[in-house]
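**Student:** Just need the structure, nothing else, for what follows:
(one chain, ligands or ions: 1)
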Amino acid sequence: MPLVTMNEVLPAARREHRAVGAFNIGNYETALAVVRAAEALDQPVIVQVYSRLIDNGHGEPLGALVRNLGENSPVPVVLHLDHGASLEQVERAIRAGFTSVMLDCSQLPFEENTARVRQAVELARNAGVSIESEIGHVPMGGSSLAVSQLEETVRFYEATGVDALAVSIGTAHGFYREKPEIKVDLCAEIAARVPVPLVLHGGSGTPRDKVRAVIERGIAKVNVATEFQYDYQQRLRERLNAAGDKFIAVDLLEAPVVESSTEFIKEEIRFFAGLI
Ligand code: 13P
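**Tutor:** Reported below is the predicted structural model:
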């Protein structure tokens, strides 16, 4: 089916207290695993591309292959730009056929974040794609946690009109060094005042009971990158170690890796959808 935007899949998920998994891919095999897993479970899925891949020119070909997988799939697939850093990246992703974008100015002062995101919302609306943004800041690559403040979060939503809002409620990107404190009550307070689907970044390693609790309270999209890609790399490493010096064509080398990555994603989708 044609690719869809987040607006076709997330509002229903929020109403039904389930979440759609959003997985960062970096090559054909990871993209294939994500789409195959969604198909096996007959569930929608969001395929995300890091913004650096837009900068270095890989976003267009990767986007094209995700579009091809999605268009030939019976399940709804969203192609989303993750953590777009500028309006130029957002425009480039839209031109490349992404059906959804994020503009992340969460480290800028409130007024500047709001002003830039408003411009991106206009771009997205004109192009017919969905848009996510972030208030507060979910740490990544050494940046500090800034928990979303309730009043500021409501003002940000009202001033921008984003389709989905990433909130900072205690998670962090990457592997945790210490157990995170997830602010379940804050999530519920935000959800009571912000009607659009909320997004949880930093899905890897976040305690499952907390993920379930926030899905019950307004989170309708959960992002997972590190654990998925680490699992993929472990399987690939095993294959390479087992092969030793023997030549194996890359598609044959990767086939079992794609299969095990598909199983990994299926588990994630099942959990987010409330099927387990
Ligand atoms: P993790 O790498 O912690 O799973 O976070 C993914 C993410 O939020 C991508 O935006």
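**Student:** R125: how many residues sit nearby?
**Tutor:** 13 (other C-beta atoms under 10 Å). Where you see a C-beta, it was placed from the backbone N, CA and C, and this is true even at glycine.
**Student:** pLDDT score assigned to it?
**Tutor:** The predicted structure scores R125 at 98 on the pLDDT scale.
**Student:** cool, and A192?
**Tutor:** Per-residue confidence (pLDDT) for A192: 99.
**Student:** Residues of this structure that sit close to the ligand?
**Tutor:** Where proximity means C-beta under 6 Å from any ligand atom, the interface of the chain facing the ligand comprises 24, 82-83, 173-174, 201-204, 223-227.
**Student:** thought V154 was touching R193?
**Tutor:** Yes: if you go by C-beta atoms under 8 Å, V154 and R193 touch, sitting 4.8 Å apart.
**Student:** which of these two has more neighbours?
**Tutor:** Under the neighbour definition other C-beta under 10 Å, V154 and R193 were set side by side, and V154 has more, 17 against 12.
**Student:** Provide the secondary structure category for the more buried one.
**Tutor:** Here V154 is helix, with the state taken from DSSP: H, G, I helix; E, B strand; the rest coil.
**Student:** could you check the distance from it over to E238?
**Tutor:** Shown here: V154 relative to E238, a distance of 48 Å by C-beta to C-beta, to the nearest Å.
**Student:** tell me, how many neighbours does N72 end up with?
**Tutor:** 11.
**Student:** likewise N223?
**Tutor:** Close neighbours of N223, defined as other C-beta under 10 Å, add up to 26.
**Student:** what packs against the host helix or strand of it?
**Tutor:** Under the criterion DSSP states H and E, the helix or strand holding N223 is strand 219-224. In terms of contact count using 3 or more C-beta pairs under 8 Å, 6 or more residues apart in numbering; DSSP states H and E, strand 219-224 is assigned the packing partners helix 10-15, strand 20-24, strand 198-200, helix 208-215.
**Student:** Can you name the element that comes right after the second one?
**Tutor:** Stepping forward along the backbone from strand 20-24, the first helix or strand reached (DSSP H and E) is helix 28-41.
**Student:** and that next one, how far out from the chain's middle?
**Tutor:** Average the C-alpha atoms of helix 28-41, do the same for its chain, and the two points are 15 Å apart (C-alpha atoms, centre = their mean, to the nearest Å).
**Student:** Stretch 14-28 too?
**Tutor:** 6 Å.
**Student:** again with stretch 29-47
**Tutor:** Averaged C-alpha coordinates place stretch 29-47 at 13 Å from its chain's average position (C-alpha atoms, centre = their mean).
**Student:** go on, stretch 120-137?
**Tutor:** That offset, for stretch 120-137, works out to 14 Å (C-alpha atoms, centre = their mean).
**Student:** what's the answer for stretch 226-244, then?
**Tutor:** Average the C-alpha atoms of stretch 226-244, do the same for its chain, and the two points are 22 Å apart (C-alpha atoms, centre = their mean).
**Student:** same question for that stretch, mean pLDDT?
**Tutor:** Averaged over stretch 226-244, pLDDT sits at 98.
**Student:** Any chance you could list what contacts it?
**Tutor:** 23-24, 26, 29-30, 33, 173-175, 203-205, 248, 253-254, 256-257, 260-261, 264-265, 268 (C-beta atoms under 8 Å, 6 or more residues apart in numbering).
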